[in-house]
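K.L.:
what's the 3D shape of this:
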Amino acid sequence: MSRAETGFGEHYVDDIIRDILREDASREKPIGQSDIIKLLDERGITRTRTVIKGFADRMGAREYVTEEECNAIIKECRINEREIIFIKKGEEGRTIGYWMMETISDSEWMFLMDSVLYSKILTKKEADNLAKRITFLAGKSFSELTQYRHRMDNQPYIVGDEDIDEKVGHIDSRVLNYVHFIREAIKDGKKVKFNLCVYDYCNQKVRLVPYGKHGKVLPETPARYKEDVHRIVSPFEVIFSNGRYYMLGADLETERSADLKYKLYRIDLMDDLSLAPRTTAITKKKAGVEEELANLYKYRMENPYMFTGQVERVRIRVDADQFTQIVDWFSDDFRVVGFDADEDSYYDIEVRVNLNSFTFWVLQYSGCVEVLDTGKKGDNSYRNHIKETLRKALEKYEEDEQ
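P.N.:
Presented below is the predicted three-dimensional model:
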């Protein structure tokens, strides 16, 4: 509903009334007109009951008598309404009080804050700044329930914080800007150019440095020995998995390969991102990956960790009491092909996965998961590959006992 503004002063009072309804009223305890006027007086604003009625008219307030009528109004509200003003009436038509329901509830707002504060791709300064702006956008106030945010001393992603002036009002996330830039490049059919970096440790500090053909390109390397380590890639998709953004794309090596159709690049490890000059990206169709990347949900299920590789059907045996882990990672996109007599010991499950990626998943859950033989057997089987990987891991600990 469009909202008429009849003057600067009235619009300002509307904002104050919103704050009052937000802080001092609820569905269970709507606030009466006299109490609203009293709270306005405490803020130095003298108004009469007609101001409250005018506010309700401008906001398109909904009236109800019974809770059933209120529920029906809520169900009919449009999803793009930022707030809905309610007027609770008595049986005889007398106004009992006012309250406001916002599009984002307190619990939803705190979920957004948690998603930002515990992010793997935002620095602490970026996260704090964005949490404050989400709070302002949602029309909320930090409360005792959100005091935990002060205990977030550092984010997992920390490099770059020292270069940010936290006194500015709006801090743009470098990683999120890169994500937006790449999606624009995909839309426009352009190639992107960037350095792909790795973390390095020097002088008791973590830093992000480019990685070239011959290893890390360190800042202290003399300029005459440095090479241009920029990569030029046709971007196909951006995908969010396990708290990080990845770009799927093809570089020149991939374009010329008969087997490797694309590579994966972590966007938070990129630096110096730009459009590659005078180049047009190859399409997913030309690269032969259009069908494979048509369903990004399916792609995430098949790649629990982000590695390139062939997707195949694998059979595993899972302890029955750990079945939750299967649903957590693969939703219901798997097939139960067997189980013990009472279904309380194990399930045999088939799932389509990228084997390179799935190896890390199996190692993570090796205590409760067993890879079963399917198709290839013996030395070339996937089961044997897992056995050899575990054997090499065990050797690292057995060396201490020799």
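
K.L.:
show the low-confidence segments of the protein, by residue range.
P.N.:
Counting by pLDDT under 70, the chain shows low-confidence ranges at 1-11, 139, 151-158, 375, 399-402.

K.L.:
centroid-wise, who is the farthest residue in it?
P.N.:
The outermost residue of the chain relative to its centre, with distances by Cα atoms, centre = their mean, is residue 92 at 49.7 Å.

K.L.:
look up how far residue 174 lies from it.
P.N.:
Distance of residue 92 to residue 174, given as Cβ to Cβ, to the nearest Å: 61 Å. Quick note: C-beta positions are derived from backbone N, CA and C, even for glycine.

K.L.:
give me phi/psi at the residue farthest from the centre of the chain?
P.N.:
Note on residue 92: its backbone torsions stand at phi -90, psi 0 [degrees, to the nearest 10].

K.L.:
the one 4 residues further on too?
P.N.:
Backbone geometry at residue 96, expressed as degrees, to the nearest 10, gives phi -90, psi -40.

K.L.:
so which residues of the protein form strands?
P.N.:
62-64, 83-89, 95-102, 190-202, 205-212, 215-216, 231-241, 244-251, 263-266, 270-280, 311-319, 335-339, 346-354, 369-371 (DSSP state E).

K.L.:
got the contact list for the second one?
P.N.:
So the one you mean is strand 83-89. 18, 21, 27, 30, 55-56, 59-65, 70, 73-74, 77, 95-103, 139 (Cβ atoms under 8 Å, 6 or more residues apart in numbering).

K.L.:
what's the answer for stretch 283-293, then?
P.N.:
Against stretch 283-293 from outside (Cβ under 8 Å, 6+ apart): 189, 234, 236, 237, 248, 250, 254, 255, 261, 262, 299.

K.L.:
and it, which residues are buried?
P.N.:
284, 287, 289, 292, 293 (16 or more other Cβ atoms under 10 Å).

K.L.:
quick one, phi/psi of the last one?
P.N.:
Dihedral pair for residue 293: phi -100, psi 10, per degrees, to the nearest 10.

K.L.:
please apply the same query to residue 204.
P.N.:
According to degrees, to the nearest 10, residue 204 has phi 60, psi 30.

K.L.:
okay, now it: neighbour count?
P.N.:
As a burial measure, residue 204 scores 5 neighbours (other Cβ atoms under 10 Å).

K.L.:
dump stretch 186-201 to CSV, keeping only the CA atoms.
P.N.:
Output in CSV follows, covering the C-alpha atoms of stretch 186-201 (Å, rounded to 0.1, in the frame of the first residue of the first chain):
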residue,chain,number,x,y,z
ILE,A,186,28.7,-14.3,-16.6
LYS,A,187,25.7,-12.4,-17.6
ASP,A,188,27.7,-10.3,-20.1
GLY,A,189,29.7,-13.3,-21.5
LYS,A,190,33.1,-11.9,-20.4
LYS,A,191,36.2,-13.5,-19.2
VAL,A,192,37.7,-12.5,-15.9
LYS,A,193,41.4,-12.0,-14.9
PHE,A,194,42.7,-12.5,-11.3
ASN,A,195,45.4,-13.7,-9.1
LEU,A,196,44.7,-16.9,-7.2
CYS,A,197,46.3,-16.7,-3.8
VAL,A,198,47.3,-19.0,-0.9
TYR,A,199,47.8,-18.1,2.8
ASP,A,200,51.4,-17.6,3.9
TYR,A,201,52.9,-17.1,7.4
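
K.L.:
what residues of that stretch count as buried?
P.N.:
By neighbour count on 16+ other Cβ under 10 Å, the buried set for stretch 186-201 is 186, 190, 191, 192, 193, 194, 195, 196, 197, 200.

K.L.:
and what of stretch 136-151?
P.N.:
Going by 16+ other Cβ under 10 Å, stretch 136-151 has these buried residues: 138, 139, 140, 146, 149.

K.L.:
confirm for me that the last one is in contact with residue 113.
P.N.:
Yes - applying Cβ atoms under 8 Å as the test, residue 149 and residue 113 come out as touching, 6.9 Å apart.

K.L.:
list residues touching both of those two?
P.N.:
Residues touching both residue 149 and residue 113 (Cβ under 8 Å, 6+ apart): residue 131.

K.L.:
follow-up on the earlier one: now the buried residues of stretch 136-151 in a markdown table, with distance to residue 307?
P.N.:
Listed next are the buried residues of stretch 136-151 as a markdown table, based on distance: Cβ to Cβ, whole Å:
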| residue | distance to residue 307 |
| --- | --- |
| 138 | 38 |
| 139 | 43 |
| 140 | 40 |
| 146 | 37 |
| 149 | 34 |
